[in-house]
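In: Structure of the sequence below:
(one chain, ligands or ions: 1)
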Amino acid sequence: MKFVDEYRDRATVETLTTAIRSAVSRPWTIMEICGGQTHAIVKHGIDRLLPEEITLVHGPGCPVCVTSVELIDRAVAIAARKGVIFTSFGDMLRVPGSSRDLLGVKATGGDVRIVYSPLDAVALAAKNPDRSVVFFAVGFETTAPANAMAAVQARKLGLTNFFLLTAHVLVPPAIAAILGSPSNRVQAFLAAGHVCTVMGYEEYLPLAERFRTPIVVTGFEPVDILHGILLAVRQLEEGRADVENQYARVVRREGNAGARAVIAQVFEPSDRTWRGIGTIPMSGYRLRPAFASMDAEQHFDVGHLEARESPLCIAGSVLQGIRKPHECPAFGRECTPERPLGAPMVSSEGACAAYYRYGALNHGR
Ligand code: SF4
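Out: Residues are numbered from 1 along each chain as shown. Sure, this is the predicted structure:
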């Protein structure tokens, strides 16, 4: 198989759906980690193809959604500073902080710019030596290599006006936190294929063993997702808890050595607060001491920030798979993509936005 169409082929979808029906004998709850997988599931109605024994729940794999309100407030405070050019991917601009978002800063005269690569921000810093250029480094392990490359490039160019506001989050500690929670109901995971493209999947082996939970590295097309579910169901039915690689056409066990090396050069693991979930130990990246002069949090002292979230938003439960977006009382009422109360309604990978966009109000599972 070489082309995307082949991964959306109706006959293959039917074959896989039939195989899942034959394999399943009792109820199972499976979580897809990645927001891209969530959108594919809702967009293509994959959950409605499954036997009623299978419940899919959506995980915290939308980095925009899990960036803490405190960090959004810090971004807003830095972006509002005179002399700062604040750069970010577009999704982050409308994520609500305690009182306003980055778009609000832009509307009141702040120099907030959308970029398409962190290297664009480095180029801006080179062109504007009298300004401070900050890049909002948001993302899972997938985006970390490009952000690390930007830091290396800025260092190579001798720039002292380039900074990273680092909001990186890591998948394996999030899986451990979900499985370790007393309210957990997840029995198997579809791991995010693109994260494993960078990091490989060796980190998942001790998790599967410790929690006796199958983990299947899975791609993003309907055929990939159904195949990942089939592999997970077979493991559950057979009482196995292995790590399997459905996305073998892209993912290698050891990942991408070059990408991992540049991450390790620039970043080190650190505790991270996840929006709506709380602090998960060693679940993020921070800049290593050798790159600390680029740390926007250190350079721009914005003092103590008191973060406040909408009391209506249940994003924490949605992101942990405890509740579905349409079970939020504010869904489609007080909270819409035009007037979002929480990040999952903003991001292109957010579960609430997916349910709203694809009209999945009747998704009962
Ligand atoms: S629908 Fe809106 S308010 Fe409800 S959980 Fe999603 S983002 Fe939060």
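In: average model confidence for stretch 215-225?
Out: Taken as a whole, stretch 215-225 carries a mean pLDDT of 96.
In: end-to-end on it?
Out: This stretch, stretch 215-225, spans 13 Å end to end (C-alpha to C-alpha, to the nearest Å).
In: Ok, stretch 76-95 next?
Out: Stretch 76-95: ends 11 Å apart by C-alpha to C-alpha.
In: Next: stretch 282-296.
Out: Termini of stretch 282-296 sit 20 Å apart (C-alpha to C-alpha).
In: List the buried residues in that stretch.
Out: Within stretch 282-296, the residues that count as buried by 16 or more other C-beta atoms under 10 Å are 283, 284, 285, 286, 287, 291, 294, 295, 296. Heads up, the C-betas are built off the backbone N, CA and C, glycines and all.
In: With pLDDT as extra columns, can I get those residues in TSV?
Out: Shown next, in TSV, are the buried residues of stretch 282-296 (pLDDT from 0 to 100):
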residue	pLDDT
283	97
284	97
285	98
286	97
287	98
291	98
294	98
295	98
296	98
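In: any idea which residue of the protein is furthest from its center?
Out: residue 130 (34.0 Å; C-alpha atoms, centre = their mean).
In: residues in contact with that one?
Out: Shown in contact with residue 130 (C-beta atoms under 8 Å, 6 or more residues apart in numbering): 83, 161.
In: three-state assignment of it?
Out: At residue 130 the chain is in coil, as set by DSSP: H, G, I helix; E, B strand; the rest coil.
In: picking that back up, for the buried residues of stretch 282-296, which two are the farthest from each other?
Out: Greatest spacing in the buried residues of stretch 282-296, by C-beta to C-beta: 283 and 294 (21.5 Å).
In: tell me which element residue 12 is part of?
Out: helix 10-23 (DSSP states H and E).
In: neighbouring contacts of the very next helix or strand once past that helix?
Out: The helix or strand immediately downstream of helix 10-23 is strand 28-34, counting by DSSP H and E. Contact with strand 28-34 is made by 38, 41, 53-62, 171, 174-175, 178, 185-195, 218, 220, 225, 228-229, 232-233, 236, 321, 349, as judged by C-beta under 8 Å, 6+ apart.
In: And stretch 299-317, by the same measure?
Out: Counting by C-beta under 8 Å, 6+ apart, residues outside stretch 299-317 touching it are 65, 68-70, 73-74, 77-78, 81, 84, 96-99, 132, 134, 163, 275-278, 293, 323, 327-330, 334-335, 341-344, 352.
In: Mind checking which of these land in helices?
Out: Counting by DSSP state H, the part of those found in helices is 65, 69, 70, 73, 74, 77, 78, 352.
In: what sits against the first one?
Out: Residue 65 makes contact with 35, 275, 315, 319, 342, 343, 344, 346, 347, 349, 350, 351, according to C-beta under 8 Å, 6+ apart.
In: So what's the residue count around the fourth one?
Out: This means residue 319. As a burial measure, residue 319 scores 29 neighbours (other C-beta atoms under 10 Å).
In: wouldn't it be in contact with residue 64 here?
Out: No. Counting by C-beta atoms under 8 Å, residue 319 stays clear of residue 64, with 11.4 Å between them.
In: any residues in contact with both of the two?
Out: Residues touching both residue 319 and residue 64 (C-beta under 8 Å, 6+ apart): there are none.
In: The helix ranked longest in the chain packs against which elements?
Out: Across the chain, the helix with the greatest residue count (assigned by DSSP H) is helix 222-238. Packed against helix 222-238 by the contact rule (3 or more C-beta pairs under 8 Å, 6 or more residues apart in numbering; DSSP states H and E) you find helix 10-23, strand 28-34, helix 35-44, helix 46-49, strand 54-61, strand 188-192, strand 215-218.
In: Of the ones you listed, which is nearest the ligand?
Out: strand 54-61 (10.9 Å; C-beta to the nearest ligand atom).
In: where along the stretch 251-365 of the chain do the strands fall?
Out: 267-274, 278-287 (DSSP state E, counting those that start in this stretch).
In: Identify whichever of those lies nearest to residue 241.
Out: Taking the strands of the stretch 251-365 of the chain one by one with C-beta to C-beta, strand 278-287 is closest: 21.8 Å.
In: which secondary structure elements does the closest one contact?
Out: When contacts are defined as 3+ C-beta pairs under 8 Å, 6+ apart, strand 278-287 sits against strand 162-168, helix 171-180, strand 267-274.
In: looking at those, which is buried most?
Out: Of all the helices and strands packed on strand 278-287, strand 162-168 carries the top mean neighbour count, a mean of 25, counting by mean count of other C-beta atoms under 10 Å.
In: now for that one, which elements pack on it?
Out: helix 69-79, helix 118-127, strand 132-139, helix 144-156, strand 267-274, strand 278-287, helix 296-299.
In: what residues does this protein put near the ligand?
Out: Residues of the chain lying near the ligand by C-beta under 6 Å from any ligand atom: 312-315, 318, 325, 328, 330-331, 335, 341-342, 344-345, 352.
In: ok, residue 205 - how many residues close by?
Out: Neighbours around residue 205, by other C-beta under 10 Å: 13.
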